[in-house]
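*Asks:* Return atomic coordinates for the entry below.
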Amino acid sequence: MRVDFCGLPLDALTMAQTVSRITELVEAGGAHQHVVLNASKVVQSNDDPQLAAIIRGCALVNADGMSVVWGARFLGLPVPERVTGIDLFDRLLSVAEDREWPVYFLGARREVVKAVVEMQRSRRRSLAVAGWRDGYWSPAEEADVVSAIADSGARLLFVALPSPTKERFLHERLAEMGDVVGVGVGGSFDVETGLTRRAPLLLQRAGLEWAFRLMQEPRRMARRYLVGNPRFIALLLRYRLTGSGIPSP
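*Replies:* Numbering: from 1, shown residues only. Next comes the predicted model:
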């Protein structure tokens, strides 16, 4: 079920339902874009009408941040749980192996994405790796990146680029890549290779993974959490009190 979250679409799905929905999209054919919402992206969308429009056009929108799950419940919306990029990545790889879907890995530094591919080939012997590419290219190289993905025959494209670069790239170029579902997986490649540690399970279940990330990367995350979160709360309050959400372009 799709709900209205502060003027943005949000699919109220569990992890299992999300995997099922992406499976349907892959089997239906065509190009489909997946996106996740966290507090930072909601605030970005309020400042960037183009990003808000891209999110509104996506085939699937998940609540990745626990703040979005709590915010949805504050608004009385039936969002059942957080669907994290790293967990979705793992589930979809298992489905891809079972169904023999070719997959493409895009993003992060060259040595990181290469290590992720090698790890997955070792874990999943039957996984069809259509190709991989790091997340650094010039504007002049972008057409070649798109062509390589299209020529690979990938049905699932895992994209580990920063936001909003990831959302804009998929919005502008996904239709040129064939029958493929573009799935944003955030920092999953860094987590897979151990460059970034994930919070202990107890903190994950308590919805405190953000606090663990703040301790790990205080300089980078402080602005997002200490400046962005109050703005996110203000958007929630405005929407609840007035019904005024993120404006359309």
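*Asks:* who touches the residue lying closest to Gly186 once chain neighbours are set aside in this structure?
*Replies:* The shortest distance from Gly186 to any non-neighbouring residue, by Cβ to Cβ, 6 or more residues apart in numbering, is to Gly85 (3.9 Å). The C-beta positions use only the backbone N, C-alpha and C, and glycine is treated the same way. The contact partners of Gly85, by Cβ atoms under 8 Å, 6 or more residues apart in numbering, come to Val36, Asp64, Gly184, Val185, Gly186, Gly187, Ser188.
*Asks:* quick one: whichever strand or helix holds Ala148 to chain centroid distance?
*Replies:* Using DSSP states H and E, Ala148 sits within helix 142-152. Taking Cα atoms, centre = their mean, to the nearest Å, one finds the center of helix 142-152 at 21 Å from the center of the full chain.
*Asks:* Helices of the chain, residue ranges please.
*Replies:* Along the chain, the segments classed as helices by DSSP state H run 15-28, 39-47, 49-56, 66-74, 85-99, 110-123, 142-152, 165-173, 188-192, 201-205, 209-216, 218-222, 229-242.
*Asks:* angle of the last one against helix 66-74?
*Replies:* I take that to be helix 229-242. Put simply, helix 229-242 runs at 20 degrees to helix 66-74, going by axes from the mean of the first three to the mean of the last three Cα atoms, to 10 degrees.
*Asks:* now swap in the third one and tell me
*Replies:* Orientation note: helix 49-56 sits at an angle of 70 degrees relative to helix 66-74 (the same axes, to 10 degrees).
*Asks:* State the distance from the most centrally placed residue in the chain to Arg121.
*Replies:* With distances taken as Cα atoms, centre = their mean, the residue of the chain nearest its centroid is Gly184 (3.2 Å). Distance of Gly184 to Arg121, given as Cβ to Cβ, to the nearest Å: 22 Å.
*Asks:* Repeat that for Trp70.
*Replies:* Distance, Trp70 to Arg121, by Cβ to Cβ: 38 Å.
*Asks:* Might you list the low-confidence residue ranges for the chain?
*Replies:* 195-227, 249 (pLDDT under 70).
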